[in-house]
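Enquirer: 3D, please:
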Amino acid sequence: MDAPATALSFAPIPAQHRDRTHRIRTVLKSAGQHQDGTPDSANSAADYCLAHHVLEGAEAAARARDTATFDWYGAHPDTNAPALSVPTVIGPRIVVAPDPDRMPHSAISETPYYVLGPDTIPAPPDLRELAAAAYDVGARHGFAGLLAGHAVVLCLLHRKKLGDTLDSWTITRLPGTIYCDHVDDPVVLARDLVHEAGHNWLNDALAATACKISEEATFYSPWKRTMRPAFGFLHACFAFPLTMIHTARILPSTSGDLHRFLSTYLDQQRGLLAGTVDDHAHALDLITDPDLRQHLHTVHHEAISL
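Expert: From the prediction side, this is the model:
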């Protein structure tokens, strides 16, 4: 039986997706690229994600005076998505496996990233199957909406073993895109998809509500073991609780090494999150939108109650 859905529906986000996509396509059209149509409300999350890949790729091509690549983006406003996608329970998802050692860094961030482009090829069949199974796991445990809206492009990186440190991240310039290592287990990958989709959700929610968080306020992060700006603290206090909720829901259906791994993870996260209760209440005062503030409180409270 599927778990109850985690309530993350937030009307300002799809509205922002449609508006931002329209503005990106308008900019690209004014730059001489051929852009047909308007954002599809039924696929606004995918349109929004892919529009950012086109914008990032076209801008890099323009700076490099790479006319062929720039023109490719003009001819492929969907970044050739049908050829890169795998069917999943929440709709087509783009799954690729770029070489981590060849991923670039931007001038404003040391975080590596990957942009869909003319040289992009689909991930190998085994990774496509792994990804589809992971989306299914996440959806069945209450996170279909989160993954549908905020995990459109999945870049699978290093293959590791259960118990190894798994790196995963998102970047604000490519919303809806997730970069992560994996252990060939859809349950573990689903956990990390939920976590990173949570970061994408919160970035979109903050942008959609024009919520500016004070850069002066800082709070102690038990995950980083240091003081962090409110923005990073609130992100951690949202993404990790989502992961805890997902882990708690799936734990009863696991066994053996996987069960022990997830149980240990959940126990560790309970201890870390417990130390954020007072600071989280103060940090929420910095969120000016009441509905967004309530969403963040609800997720944090549910995880604390596990």
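
Enquirer: what's residue 181 in contact with, if anything?
Expert: 156, 157, 158, 159, 160, 164, 166, 167, 168 (Cβ atoms under 8 Å, 6 or more residues apart in numbering). The C-beta positions use only the backbone N, C-alpha and C, and glycine is treated the same way.

Enquirer: Please, a ChimeraX command that selects the buried ones among those?
Expert: In ChimeraX, this line selects whichever of the contacts of residue 181 come out buried by 16 or more other Cβ atoms under 10 Å:
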select :156,157,166,168
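
Enquirer: From the contacts of residue 181, pick the one nearest residue 102.
Expert: Checking these against residue 102 by Cβ to Cβ gives residue 157 as the nearest, at 11.3 Å.

Enquirer: Touching the lowest-mean-pLDDT helix or strand in the chain from outside, list them.
Expert: The helix or strand of the chain with the poorest confidence is strand 105-106; it has a mean of 73 (mean pLDDT, DSSP states H and E). For strand 105-106, the external contacting residues (Cβ under 8 Å, 6+ apart) are 111, 112, 113, 173.

Enquirer: repeat that with 10 Å
Expert: 56, 60, 111, 112, 113, 171, 173 (Cβ atoms under 10 Å, 6 or more residues apart in numbering).

Enquirer: which of the residues in the helix or strand harbouring the third one are buried?
Expert: Applying DSSP states H and E as the criterion places residue 111 in strand 109-112. With burial defined by 16+ other Cβ under 10 Å, the residues of strand 109-112 counted as buried are residue 112.

Enquirer: do you know how far residue 255 is from residue 261?
Expert: The span separating residue 255 from residue 261 equals 11 Å under the rule Cβ to Cβ, to the nearest Å.

Enquirer: When these two are compared, which one has more neighbours?
Expert: residue 261 (18 against 8; other Cβ atoms under 10 Å).

Enquirer: can you pull the contacts of that one?
Expert: With the criterion set at Cβ under 10 Å, 6+ apart, residue 261 makes contact with 162, 163, 183, 185, 187, 188, 247, 254.
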